[in-house]
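A.B. asks: Okay, predicted coordinates and the sequence, questions at the end:
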Amino acid sequence: MIEISEAAVAEIQRMQTVRAQTDRRFRIGFARGGCKDFYYTVDLVNSNEDDDNDLPYNVNGIPVSIDLHQLAYLEHLKLDYSEDLMGGGFRFENPLATTVCGCGNSFAIAHVESERWQLPT
């Protein structure tokens, strides 16, 4: 299960309100690219359009979706939100990441041997 800080919850709720999408799920995932092998992705998705591979659940009152193929790589993720002189943004702490870029959004991760857990191609 992932953890979402109070600051991240507040930012997700702000995103839902500003976009007039309070009924949307917060989808966390990752894709190939970035400074390292992968970068994190976040989006608001329609609850009725969840992918069949998505695992929907609630974290601190936020409806969340994670692709089942990526779950093994994200299940211990800690998501925070903070603002600094460069602006605000989500901060990701993934204990399964083997290397993290200075930007904090790009990472490398060891392959998990299983047909169920698949890294994006």
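C.D. replies: Thanks, I have it. Residues are numbered from 1 along each chain as shown.
A.B. asks: Let's verify the residue nearest the centre of the chain: helix, strand, or coil?
C.D. replies: In the chain, the residue lying closest to the centroid (Cα atoms, centre = their mean) is Ile28, at 2.8 Å. Using DSSP: H, G, I helix; E, B strand; the rest coil, the secondary structure recorded for Ile28 is strand.
A.B. asks: Does it touch Tyr40 like I think?
C.D. replies: Yes: with contacts counted by Cβ atoms under 8 Å, Ile28 reaches Tyr40, the gap being 7.1 Å. C-beta: built from backbone N, CA, C; applies to glycine.
A.B. asks: how far does stretch 56-63 sit from the chain's center?
C.D. replies: 12 Å (Cα atoms, centre = their mean, to the nearest Å).
A.B. asks: can you list contacts of it?
C.D. replies: Residues outside stretch 56-63 that contact it (Cβ atoms under 8 Å, 6 or more residues apart in numbering) are 1-4, 6, 9, 12-13, 24-26, 47, 50, 64-65.
A.B. asks: could you redo the last one with a cut-off of 10 Å?
C.D. replies: 1-6, 8-9, 12-13, 16, 23-28, 44-45, 47, 50, 64-66, 79 (Cβ atoms under 10 Å, 6 or more residues apart in numbering).
A.B. asks: Also stretch 86-100?
C.D. replies: In contact with stretch 86-100 (Cβ under 10 Å, 6+ apart) are residues 2-5, 7-8, 11-12, 14, 28, 30, 35-40, 42, 72-83, 103-110, 112.
A.B. asks: same for the longest helix along the chain, what does it pack against?
C.D. replies: The single longest helix within the chain, with elements called by DSSP state H, is helix 6-18. Using 3 or more Cβ pairs under 10 Å, 6 or more residues apart in numbering; DSSP states H and E, the elements in contact with helix 6-18 are strand 24-32, strand 38-46, strand 54-59, strand 62-67, strand 78-84, strand 87-93.
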